[in-house]
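In: Fold the following.
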Amino acid sequence: MSSNVGQKRAVQEKLELLRNKCKETGLKLTHQRLEIFRELISTDDHPSAERIHKRVQARIPSISLDTVYRTLSIFERYGLIDKVCVFEDRARFCGDPDPHYHLFCTNCKSIADFNWDSLDHIEPPLEAGQWGRVYAKRVILEGICSRCLRKVKE
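Out: Numbers count the residues shown, from 1 in each chain. Sure thing, here's the model as predicted:
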């Protein structure tokens, strides 16, 4: 199976997840929400709300940035997307809600996904349990990506 076919299948599965979540929660699946979700799951560049707005606005000129922000908040609340917060950058969004981690290039600001199986199985330290209830592990590794490192060597 080609990667293009696999990618299309993954997009269709995520769209079905959105439709099911909307039915389950009574959330209205508007054209705007569908386009925002489709835009986010069709890319792996972890766009900001502003970038998503610009891309969707090419198809829906009347869409507001506020609508994009509110929609992303709803999608995050229902576990359909992941919000990636890096300290020196605005929030970015990931269309893959499955557990995974992120690499952040402090030079070009790119974000990449990665899996870390051994971390998945580590229980939080005792202090975390004493603090309260932990419901998610979010890890962002910061550094310089290989593309930026190649530019430095040139």
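In: roughly how far out does stretch 137-145 sit from the chain middle?
Out: Stretch 137-145 sits 14 Å away from the centroid of its parent chain (C-alpha atoms, centre = their mean, to the nearest Å).
In: hmm, who's touching that stretch?
Out: 84, 86, 99, 101-108, 110, 112, 114, 116, 119-120, 124, 152 (C-beta atoms under 8 Å, 6 or more residues apart in numbering). No exception for glycine: its C-beta is placed from N, CA and C like everyone else's.
In: got it, and stretch 39-48?
Out: Counting by C-beta under 8 Å, 6+ apart, the neighbours of stretch 39-48 from elsewhere in the structure are 10-11, 14-15, 52, 55-56, 72, 75, 81, 84, 90-96, 102, 110-113.
In: before we move on, the earlier item: mind checking which of the contacts of stretch 137-145 land in strands?
Out: Cross-referencing the contacts of stretch 137-145 with the strands (criterion: DSSP state E) gives 84, 101, 102, 103, 104, 105, 112, 114 as the overlap.
In: Could you report the neighbour count for residue 107?
Out: In terms of burial, residue 107 registers 14 neighbours under the definition other C-beta atoms under 10 Å.
In: And for residue 110?
Out: 15.
In: Let me see the contact set for it.
Out: With the criterion set at C-beta under 8 Å, 6+ apart, residue 110 makes contact with 45, 46, 104, 145, 147.
In: Between those residues, identify the one with the most neighbours.
Out: residue 46 (25 neighbours).
In: for it, helix, strand, or coil?
Out: Of the three states, residue 46 takes coil under DSSP: H, G, I helix; E, B strand; the rest coil.
In: re the thing from before, between the contacts of residue 110, which is closest to residue 25?
Out: residue 46 (25.1 Å; C-beta to C-beta).
In: Give me the pLDDT value at the closest one.
Out: Taken from the predicted model, the pLDDT recorded for residue 46 is 94.
In: Name the next helix or strand following whichever strand or helix holds residue 17 along the chain.
Out: Per DSSP states H and E, residue 17 falls inside helix 3-25. The helix or strand immediately downstream of helix 3-25 is helix 31-41, counting by DSSP H and E.
In: list the buried ones in stretch 92-100?
Out: Within stretch 92-100, the residues that qualify as buried are 92, 93, 94, 95, 97, counting by 16 or more other C-beta atoms under 10 Å.
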